[in-house]
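Enquirer: this one's structure only:
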């Protein structure tokens, strides 16, 4: 797989992301993608060849390897990286759709027409929802794969020796995993980086929702002030003093009470 093209496509998300999104991209590129390409693939390249069992029974080593490694770490990580970055590509596609629609609108209505999207990359409307759902999907993918790794490999670690009694093995045989300590270190490193990515996605989602709520409250406050100012300016000048004291109702006792 050409990871360079994959990296080039994903780097376009950087200009449409928040600060938390840029940190997430840095974690994915430096601590997950590069580690996967440079080191992890080499560590797991000989896992089947160096899986030794103390028996010469034909087929026993292959069956035991398949029993203890139903899916290779390296292939699960590759699938995880692909799925966790697909939502970011969806955001790029949504921005490209907005830009194409804006260009088509200008060609039909002229250059001086009203713009559909003054800033196609600004997270408003449908793009805001696309970005928010992409964060939820990325966090969900990492959580699911962490659960899968935990089910296949307890505590995300590999033992040095495993005992196998799966047919056609004649009895309980000992099988030895190649470089278990090194593989455990890489596994824990990938698990920790995945947890950090989940945390960043959750924080960024909360930031987007909080910012939208704050903007909505400010907009309502400004609208309420405009309505109050409009009502105030529309009142006759003789009633404005009473309005300023009691809100929108007249002062009931002004001009009605007498001194006894």
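Expert: Okay, I see it. All values derive from a computational prediction rather than experimental measurement.
Enquirer: Now for the residue nearest to residue 194 when sequence neighbours are not counted: which residues touch it?
Expert: Using CB to CB, 6 or more residues apart in numbering and skipping the chain neighbours, the partner closest in space to residue 194 is residue 142 (4.7 Å). From N, CA and C alone the C-beta is placed, and that goes for glycine too. With contacts defined as CB atoms under 8 Å, 6 or more residues apart in numbering, residue 142 is in contact with 80, 84, 194, 195, 197, 198, 201.
Enquirer: The helix or strand containing the fifth one packs against which elements?
Expert: Okay, so that is residue 197. Assigned by DSSP states H and E, residue 197 belongs to helix 180-234. Counting contacts by 3 or more CB pairs under 8 Å, 6 or more residues apart in numbering; DSSP states H and E, helix 180-234 packs against helix 19-26, helix 34-35, helix 41-43, helix 73-109, helix 126-152.
Enquirer: PyMOL command to pick out the buried ones of the contacts of residue 142?
Expert: Here is the PyMOL command that selects the buried residues among those (16 or more other CB atoms under 10 Å):
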select buried, resi 80+84+194+197+198+201
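Enquirer: now the contacts of residue 142 as TSV including pLDDT and distance to residue 60?
Expert: As requested, these are arranged in TSV below (pLDDT from 0 to 100; distance: CB to CB, whole Å):
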residue	pLDDT	distance to residue 60
80	89	31
84	89	37
194	91	34
195	93	37
197	92	40
198	93	40
201	91	44
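Enquirer: got the angle between the helix holding residue 197 and helix 126-152?
Expert: Angle between the axes of helix 180-234 and helix 126-152 is 150 degrees (criterion: axes from the mean of the first three to the mean of the last three CA atoms, to 10 degrees).
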